[in-house]
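Visitor: sequence first, predicted model second:
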Amino acid sequence: MAKRKTTRASAAEVSAQAVTLRRRRFIAAAVVIAIGIGVFWQTDRWLDVHVKKIQIEGELSASEREAVTAAIAGALQDTGAAGLHSLSLTQVQDAVSGLSWADRVSARRRWPETLVIRLVRHSVVARWGGGGFVATNGEVIELAGGDTNASLPLLSTQRASSARAMEVFSLLSGTFERAGLHLAALQESELGEWTAVLENGVQVVLGRDDLAARAQRFLVVHEQALQNSEQKVATVDARYHNGLAVRWQAEISNTSNSILTGAQN
């Protein structure tokens, strides 16, 4: 009987010890977690210092850098973040990407207090008749600081989009440049007909269709008969099936045209 009581007492002691051990482990785990939270909180406070420096990387003009700085300042104010660690890089990138001339934007942190922005701007190809500039992707954008870039070709349309105008410009400029000629302007009429204006002032009317073939026909006649002519050409109409109509500058007042046969389509 005494032996049975001793066994029961031993089992109770073991159970009590197990409970005590579990409590100690739980308390130890809670202490470790509390310490971890405290360390994390302290580290977060240490990392989340105020942004004291903004570094802008990229080939930008002074006015473009000012515009980027203003966009970043607005983003930092909108985020309401206390410092470098808590701010949203995505929100900063979106704010800078909102500049129409910004093509690719990235943002990163540089500890302890610097925000780094990397920006690649759109390359503009031409001025847009309705205002702004046409980028290589065909989008119309505005440049920082009111830059005019007056030396760029002028694209103006009545019906076509800027993307379509860019397609036609790329097609024709490549064709003319192979012959040493350069486009100063490209115009589309209300009828959807295209006219290329060369840097020497010659207007080449190409119409709506077969633009590359008509431009090539003009180049053949230009090389054979026009470029060495003593008379200055004002307008060349390449909408004819087998030839060109040439109007000379000296004859504009008399509304006199000459018909030259060129290469067929």
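Guide: Looks like it came in fine. Residues are numbered from 1 along each chain as shown.
Visitor: quick check: buried residues in stretch 204-217?
Guide: Under the neighbour-count criterion of 16 or more other CB atoms under 10 Å, stretch 204-217 has Val204, Val205, Leu206, Gly207, Leu211, Arg214, Ala215, Gln216, Arg217 buried. Just so you know, the C-beta spots here come from the backbone N, C-alpha and C atoms, and that holds for glycine as well.
Visitor: enumerate the positions of stretch 136-147 that are buried.
Guide: Result for stretch 136-147 [16+ other CB under 10 Å]: buried residues Gly138, Glu139, Val140, Ile141, Leu143, Ala144.
Visitor: tell me which element the residue most central in space within the chain falls in.
Guide: By CA atoms, centre = their mean, the chain has its centre lying nearest to Asp103, at 2.3 Å. Applying DSSP states H and E as the criterion places Asp103 in strand 102-110.
Visitor: okay, whatever helix or strand comes next after that strand in PDB with CA atoms only?
Guide: Once the chain leaves strand 102-110, the next helix or strand it forms, by DSSP H and E, is strand 114-121. Below are the C-alpha coordinates for strand 114-121, written out as PDB (Å, rounded to 0.1, in the frame of the first residue of the first chain):
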ATOM      1  CA  THR A 114      19.700  59.400 -49.400                       C
ATOM      2  CA  LEU A 115      17.000  58.700 -51.900                       C
ATOM      3  CA  VAL A 116      18.300  57.800 -55.400                       C
ATOM      4  CA  ILE A 117      16.300  58.400 -58.500                       C
ATOM      5  CA  ARG A 118      17.400  57.000 -61.900                       C
ATOM      6  CA  LEU A 119      15.600  58.500 -64.900                       C
ATOM      7  CA  VAL A 120      15.900  57.900 -68.600                       C
ATOM      8  CA  ARG A 121      13.900  60.500 -70.600                       C
END
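Visitor: helices and strands around the following helix or strand past strand 114-121, which ones?
Guide: Using DSSP H and E, the helix or strand that follows strand 114-121 in sequence is strand 124-128. Counting contacts by 3 or more CB pairs under 8 Å, 6 or more residues apart in numbering; DSSP states H and E, strand 124-128 packs against strand 133-135, strand 154-156, helix 162-177.
Visitor: give me the low-pLDDT residue ranges for the stretch 1-150 of the chain?
Guide: For the stretch 1-150 of the chain, the stretches with pLDDT under 70 are 1-49, 79-82, 146-148.
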